[in-house]
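Student: Based on what follows, work out the 3D shape:
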Amino acid sequence: MLQMPGLMVVPQGRMKSGKRAIWISWEDHRRTTELCGALGVPLYTFTSKGSRISRYVVLTVRTVLKLMEERPDLLFVQNPSLALSLLGVFYKLAFGKRLIVDAHTSGVFPFDGKSALLNLVCRYIHRKSDLTIVTTSSLKDAVERNRGMGFVLQDRLPGISPGKAIKLKGAKNILYICSFSWDEPYNEVIEAASRVGSGVCVYITGNYRKAPGIRREALPENVVLTGFLPEEEYLGLLSSADVLVDLTTREDCLLCGAYEAVALGKPFIISKTLALMEYFTSGCVYAGNTAEGIAEAIRAALSTQEELEEEVKEFREELRSSWEEKFTDFKKNAGV
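Tutor: Purely as a prediction, here's the structure:
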């Protein structure tokens, strides 16, 4: 992998057809990296610090320059960002090329669909793109209601290896994978920790300084805030915990932490949403997003830890096989 300030490139070859394809993203996301690796498509991840306006100006200039340099026959973009996706549409229309958009949940329902203007922008992007990749059938339906063409392709299981073991403080240790976003019930997880007993330690990742009202001194003794971790330390913590937890209040959202748990063969707890229960069917416990619901799920996962470990390892092979079948179908639809 080549790295420059504000730019990450995964160098690969051309498509088998001989046509030039590239993928551009304005966010560093494991799903995108894994898909590019599977496709053999170069990934250019542009990032910039500063105010929102200056960031958009810098990223737009870098993107346009890269497009003019590469002139790809097929352009992939990640949505979010809506601005990047719009640039992709303009490139397609100006040069008669193909555009495929990988739309995360907020790329179909920006701000949970509460902005009329952004909904219009999304509909335009869906309609003008040649294909929109989504992770659930209901998101595909939403894209097609906007007169776009959708394709369901969940995340590829990440190619991660167990990290170096870390000595953790609890008799049993739970790792809650968190970014302190609005859709994550982190306060409920903290309350759940106080209900499961001092022998169970709950580690919480992510930049807790983003969350209002979170104070270290006010936390239960069995809660540890790790802060944002470098990749190596994060993988060590994932590998050392007994059970992983990833939760969301959003429907139609599949969780990166769940994919990571399956990849590492770890029992995991996820929210009791239809999308998650339909896709992650083994090796896990479903939790209501309440303190008692989460505490109950932790107790259940720890009491059946060995069985869940066996289940998740079998499930990992099932997911890998089913994903490869979907990916083959996707390449036919995408013209790759």
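
Student: What are the boundaries of the helices in the stretch 51-200 of the chain?
Tutor: 52-70, 82-95, 105-108, 116-128, 137-145, 186-193 (DSSP state H, counting those that start in this stretch).

Student: Tell me which stretches of the stretch 201-336 of the chain form strands.
Tutor: For the stretch 201-336 of the chain, the strands defined by DSSP state E, counting those that start in this stretch cover 223-227, 243-246, 268-271, 284-287.

Student: Dump these to JSON lines, plus mean pLDDT and mean neighbour count.
Tutor: C-betas here are computed from N, CA, C, even on glycine. JSON lines is the format used below for the strands of the stretch 201-336 of the chain (pLDDT from 0 to 100; neighbours: other Cβ atoms under 10 Å):
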{"stretch": "strand 223-227", "mean pLDDT": "96", "mean neighbour count": "17"}
{"stretch": "strand 243-246", "mean pLDDT": "98", "mean neighbour count": "26"}
{"stretch": "strand 268-271", "mean pLDDT": "98", "mean neighbour count": "26"}
{"stretch": "strand 284-287", "mean pLDDT": "98", "mean neighbour count": "22"}
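
Student: Just put those strands in JSON lines and tack on distance to Leu35.
Tutor: Formatted as JSON lines, the strands of the stretch 201-336 of the chain follow (distance: least, Cβ to Cβ, whole Å):
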{"stretch": "strand 223-227", "distance to Leu35": "28"}
{"stretch": "strand 243-246", "distance to Leu35": "20"}
{"stretch": "strand 268-271", "distance to Leu35": "22"}
{"stretch": "strand 284-287", "distance to Leu35": "23"}
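
Student: where in this protein is pLDDT low?
Tutor: Counting by pLDDT under 70, the chain shows low-confidence ranges at 1-18.

Student: Domain parsing of it, as residue ranges.
Tutor: Using automatic domain parsing, the domain ranges for the chain come out as 2-153, 172-318.

Student: Go through these and name the closest to Glu324.
Tutor: The closest of the domains of the chain to Glu324 is domain 2-153. By Cβ to Cβ, the value is 8.9 Å.

Student: before we move on, back to that, please identify the deepest-packed of the helices of the stretch 51-200 of the chain.
Tutor: Comparing the helices of the stretch 51-200 of the chain by mean neighbour count (mean count of other Cβ atoms under 10 Å), helix 105-108 comes out on top with a mean of 23.

Student: Can you add distance to Ala334 and give the domains of the chain back as JSON lines?
Tutor: JSON lines is the format used below for these (distance: least, Cβ to Cβ, whole Å):
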{"stretch": "domain 2-153", "distance to Ala334": "6"}
{"stretch": "domain 172-318", "distance to Ala334": "20"}
